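[1] build me a structure from this.
(2 chains, ligands or ions: 1)
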Amino acid sequence: MTSQAAPVVTTPSLPDDPFSTEILTDPYEFHQRLREAGPVVRLAHYDLYAMGRFDEVHASLRDWETFISGRGAGLADFARETPWRPPSLLLEADPPNHTVTRNVMNGIVSPRAVRALREGFSVLAEEIAERMVERGEFDAVADLAEVYPLQVFPDAVGLPATGRENLLPYGALAFNAFGPDNELRRAALAGAAAVQEWIAASCQREALAPGGFGAQIWAAADRGDLLPEQAPLLVRSLLSAGVDTTVYGIANTLYSLASNPDQWDVLHADPKLARFAFDEALRWESPVQTFFRTTSREVDVAGTVIPEGSKVLLFLGSANRDPRHWGEDANRLDIRRKASGHVAFGMGVHQCVGQPLARLEVELVLTALARRARRIELTGTPVPKLNNTLKGWSSVPVRVEAA
Amino acid sequence: MDHTQAEADLTLKVSRRVSAADRVAVIELRDPFGGDLPAWTPGAHIDLVLGPRLVRQYSLCGDPSNRSVWRIAVLREPDSRGGSEQLHTAAYENDLISVRGPRNHFLLDSAPRYLFIAGGIGITPIIPMITTVAAAGAEWELHYCGRSLASMAFHEELKSISPDRVELYSRDQPASIDLDGLLANPRPDTLVYCCGPESLLRAVEQRCAGWPEGALRTERFAPKEQGEPVRQGAFEVELAQSGVTLTVPEGTSILDALEAAGVQVLSSCQEGTCGTCETAVLSGEADHRDSLLTDAERAANNTMLICVSRAAGPRLVLDL
Ligand code: HEM
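    Numbering: from 1, shown residues only, chains lettered A, B, ... in the order given. So this is what the prediction gives:
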């Protein structure tokens, strides 16, 4: 009998705090060290496991039986700590419970539903692109990325007209709360009460306009597909995950192209490439940088035995730039590359349910701009916006030249 | 013949979960609001929707006259592709599960006499059959085999219905099943119902070759994953915008074939769940193999997910 003992590996350890101001501002040098250190790395600062290479991140995202979400998609372990809000029925749930709510949500944010929104979204995308090109100089964040999604998304959900200014702070709060108990998280939670109150009220049946995604979630509860108490939490999922993500998605895409103007040239020459440009920008400058999982059992990953109940930090943004998967030029933005298969929307059962909607929004804005603008360039230094989960910018000043 | 009853999409609560034998859990499902469940007949099964591509079928093995609860038995298979394993590790009391059905492809027809042959977890559809025919006063016998008595769910319950009519066979029992003897003489008054592993089904089928047509009824648990593609072999895909035509070989996805040919196409999950690669179909019929499009969208045949879906005919024209 031959027995194949697993090779004994010493799991490398790094002292860095990935949620420090330095790394949140510019994570890429750290990502490289993380990937070089090994497939599984201990982060001594938080005493947790991390993965930064594509293969392991991808495999862990898909293995929902081992890498579970029900104990929280952030650093807090729901088995030991009380979550800051009632857990999400999607993001922070596991099959089979997750399957029930996910099936309902898939039926609502479906390709068909998204196709029906295209025309209305397109009118507003053309309008805002027209205005920006007329102006010539604008801030890609404040004037465009933070404006367009808020023109289209809240109406698609059917939210009340007043109080929508709470949406961006709520998203920032939700995404900061996945992180450790640092200044960002404390500040976000300190201002949470008023925002949470508006959000909770807006998730109720009475608040939601007929025909929108929110009303459809309630209709699912009426049909018995959901328990009535689940409906407001599912509406809340749309509000936490559907706004900031697309704001960052648009801003990061424009940042990527403005800092690589040759790629804008390619896009302007063929605006149909907008969908690919967005996909590549998601890979290159991923809005959602990290998510946590918790191990449901002891598991051997590439020779490291991770005990049951361990928090594991998955670096989506690092996996998306891993040269082992993307090749030596992984750090280069190339809108003609095959970026498909990146993990910026996650992978497996939790993969972003809003993906078709996010793609629609960004494709429309980008196509409208690419047709009208021959060139784009930065006119100043972009200002990073720090968040424990999201990577993006609070200001990206640009100039566009009309075609 | 497809005896499909009106089929429901339900969300049910796991109201009880107990171990019934070695590696077998019995799970009871109820309506979360306490309502009645759809009616069913012996032999019916339900689909448990456990994930986007994880649908598993389980026979109902409780009492058909009790409309408030459904009972299923789940075997944890070492090489399970996820379904049973998942139910075992994740279906706890008070969890909610998506359920479709019930459906019956294993109908119990009336006869003066029944011979039931079950192997392992294949006992489940047989149980309501036996309670029904016993109550109707028919003649019946059950031959139930398994690895060991400890692995054979419900054997005590069955013995208690009628000890003389139930024969158990396992490695820890003296006798092994004598199929030749049992099935040697075809009897026109008897229906043979068999459910169990493929080896048992095949052995019984061979020995029933001389029986009247329709005397043997079997149920196979083919997983209701995607079946074989409609069309074997390669097909052609024409890309209307670029005018290119390429051949998609058997075993290769349209998406892979396009990428190999240098066509830039968007995709993400690559398993038919996210919808990113959705492509308009201009002509030709698609063999839809995704988990996303509705039946109406499939029937309309004007869109498809090229990461998993294929052509039903020799040629497809796509809006690419
Ligand atoms: C560029 C924009 C977006 C990005 C980068 C993004 C990213 C992600 C990622 C990485 C996940 C996976 C989380 C995990 O694995 O734990 C996810 C899940 C999710 N996303 Fe998005 N998202 C975007 C837009 C949206 C939009 C527009 C919506 C709402 C319509 C949305 C709703 C959700 C929900 C509800 C989940 C949880 C799904 C589940 O756990 O089953 N997202 N998203």
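
[2] use CA for all of it now, contacts and neighbours both
    OK.

[3] report the central residue of chain B.
    In chain B, the centroid-proximal residue (CA atoms, centre = their mean) is B:Gln57; its distance is 3.8 Å.

[4] please read off the pLDDT at that residue from the model.
    Looking at B:Gln57, its pLDDT is 78.

[5] where does residue 303 land on pLDDT?
    Went with chain A since none was named. Reading off the confidence values, A:Gly303 has pLDDT 90.

[6] chain B is the one I meant
    With respect to pLDDT, B:Thr303 scores 94.

[7] so what's it closest to, chain neighbours aside?
    Excluding the flanking residues, the one nearest B:Thr303 by CA to CA, 6 or more residues apart in numbering or on different chains is B:Ala280, at 4.3 Å.

[8] same deal with B:Glu238?
    Residue nearest to B:Glu238 in three dimensions, not counting chain neighbours: B:Thr245, with 4.2 Å by CA to CA, 6+ apart.

[9] give the pairing partners of the host helix or strand of that neighbour; include direction for each.
    Assigned by DSSP states H and E, B:Thr245 falls within strand B:244-248. Counting by DSSP bridges, the strands paired with strand B:244-248 are strand B:235-239 (antiparallel).

[10] next, count neighbours for the residue of the stretch 101-250 of chain A found nearest the ligand.
    The minimum distance from the stretch 101-250 of chain A to the ligand, using CA to the nearest ligand atom, falls at A:Gly242 (3.5 Å). Residues within reach of A:Gly242, counting by other CA atoms under 10 Å in any protein chain shown, total 24.

[11] which residues does it contact?
    A:153, A:354 (CA atoms under 8 Å, 6 or more residues apart in numbering or on different chains).

[12] for the ligand, what are the nearby residues on the stretch 301-403 of chain A?
    Counting by CA under 6 Å from any ligand atom, the residues of the stretch 301-403 of chain A close to the ligand are A:344-346, A:350-355, A:357-358.

[13] skip the chain neighbours and tell me the closest residue to the closest residue to the ligand within the stretch 151-300 of chain B.
    The minimum distance from the stretch 151-300 of chain B to the ligand, using CA to the nearest ligand atom, falls at B:Cys274 (11.1 Å). Among residues not flanking B:Cys274 along the chain, B:Ser268 sits closest, at 7.0 Å (CA to CA, 6+ apart).

[14] what about that neighbour, which SS state?
    Counting by DSSP: H, G, I helix; E, B strand; the rest coil, the backbone at B:Ser268 sits in coil.

[15] got the contact list for it?
    Contacts for B:Ser268 (CA under 8 Å, 6+ apart) come out as A:340-342, B:274, B:276-277.

[16] C-alpha coordinates for the helix or strand where A:Ala370 lies, PDB please?
    If you go by DSSP H and E, A:Ala370 is part of helix A:355-372. What follows is helix A:355-372, C-alpha atoms only, in PDB (Å, rounded to 0.1, in the frame of the first residue of the first chain):
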ATOM      1  CA  GLN A 355     -25.200  41.600 -12.600                       C
ATOM      2  CA  PRO A 356     -27.400  42.100 -15.600                       C
ATOM      3  CA  LEU A 357     -28.700  45.300 -14.200                       C
ATOM      4  CA  ALA A 358     -25.200  46.600 -13.400                       C
ATOM      5  CA  ARG A 359     -24.000  45.600 -16.900                       C
ATOM      6  CA  LEU A 360     -27.000  47.400 -18.500                       C
ATOM      7  CA  GLU A 361     -26.400  50.700 -16.600                       C
ATOM      8  CA  VAL A 362     -22.700  50.900 -17.300                       C
ATOM      9  CA  GLU A 363     -23.000  49.700 -20.900                       C
ATOM     10  CA  LEU A 364     -25.500  52.400 -21.700                       C
ATOM     11  CA  VAL A 365     -23.600  55.300 -20.100                       C
ATOM     12  CA  LEU A 366     -20.300  54.200 -21.600                       C
ATOM     13  CA  THR A 367     -21.600  53.700 -25.100                       C
ATOM     14  CA  ALA A 368     -23.300  57.100 -25.000                       C
ATOM     15  CA  LEU A 369     -20.000  58.700 -23.900                       C
ATOM     16  CA  ALA A 370     -17.800  56.700 -26.200                       C
ATOM     17  CA  ARG A 371     -19.900  57.800 -29.200                       C
ATOM     18  CA  ARG A 372     -19.700  61.400 -28.400                       C
END
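
[17] got the contact list for the helix or strand bottoming out on mean pLDDT in chain A?
    Sorted by mean pLDDT, DSSP states H and E, the helices and strands of chain A end with helix A:97-108, the least confident at a mean of 87. Contact partners of helix A:97-108, identified using CA under 8 Å, 6+ apart, comprise A:89-90, A:213, A:216-217, A:220, A:225-226, A:234, A:353, B:11, B:49-52, B:95-98, B:292.

[18] next secondary structure element downstream of that helix?
    Per DSSP H and E, the first helix or strand lying C-terminal to helix A:97-108 is helix A:111-135.

[19] contact partners of that next one?
    A:138, A:144, A:148, A:151-152, A:156, A:356-357, A:360-361, A:364-365, A:368-369, A:372-373, A:400-402, B:275, B:293.

[20] that one: how far from the chain's middle?
    Relative to the centre of its chain, helix A:111-135 is centred 21 Å away, using CA atoms, centre = their mean, to the nearest Å.

[21] cool, stretch A:347-367 as well?
    Between the centre of stretch A:347-367 and the centre of its chain there are 10 Å (CA atoms, centre = their mean).

[22] and the pLDDT for the residue of the stretch 101-250 of chain B found nearest chain A?
    In the stretch 101-250 of chain B, the residue that lies nearest chain A is B:Gln241 (12.2 Å; CA to the nearest CA). Per-residue confidence (pLDDT) for B:Gln241: 91.

[23] the strands in the stretch 51-200 of chain A, which residues?
    For the stretch 51-200 of chain A, applying DSSP state E, counting those that start in this stretch gives strands covering A:67-68, A:137-139.

[24] who are the packing partners of the longest one?
    Right, the one you point to is strand A:137-139. strand A:397-402 (3 or more CA pairs under 8 Å, 6 or more residues apart in numbering or on different chains; DSSP states H and E).

[25] just the helices in the stretch 151-300 of chain A please.
    Shown for the stretch 151-300 of chain A, the helices assigned by DSSP state H, counting those that start in this stretch span residues A:167-176, A:183-190, A:192-202, A:213-223, A:231-241, A:244-258, A:261-269, A:274-284.

[26] same thing with the stretch 1-150 of chain B?
    Secondary structure of the stretch 1-150 of chain B (DSSP H, counting those that start in this stretch): helices at B:83-90, B:126-136.

[27] related to what we said a few turns ago, and the residue nearest to B:Thr303, how many neighbours?
    B:Ala280 has 16 nearby residues by other CA under 10 Å.

[28] thinking the residue of the stretch 151-300 of chain B closest to the ligand is in contact with B:Leu292, fair?
    Yes. At 7.4 Å, B:Cys274 counts as touching B:Leu292 under the criterion of CA atoms under 8 Å.

[29] okay, these two: which has more neighbours?
    More crowded of B:Cys274 and B:Leu292, by other CA under 10 Å: B:Cys274, with 28 against 22.

[30] could you look up the SS state of the more buried one?
    Under three-state DSSP, B:Cys274 comes out as coil.

[31] and the stretch 201-320 of chain B, which residues reach the ligand?
    Contact residues, the stretch 201-320 of chain B versus the ligand (CA under 6 Å from any ligand atom): none.

[32] pick out the residue of the stretch 201-320 of chain B closest to chain A.
    Counting by CA to the nearest CA, the stretch 201-320 of chain B gets nearest chain A through B:Ser268, at 4.9 Å.

[33] quick one: pLDDT of that residue?
    89.

[34] next, it: phi, psi?
    Here is the backbone geometry of B:Ser268 (degrees, to the nearest 10): phi -140, psi -70.

[35] show me where pLDDT drops low in the chain?
    No chain in the question, so chain A it is. Applying pLDDT under 70 to chain A flags residues A:1-8.

[36] wait, chain B was what I had in mind.
    Within chain B, the segments meeting pLDDT under 70 span B:1-8, B:51-55, B:77-90, B:220-227.

[37] walk me through the domains of it.
    B:4-103, B:113-219, B:235-318 (automatic domain parsing).
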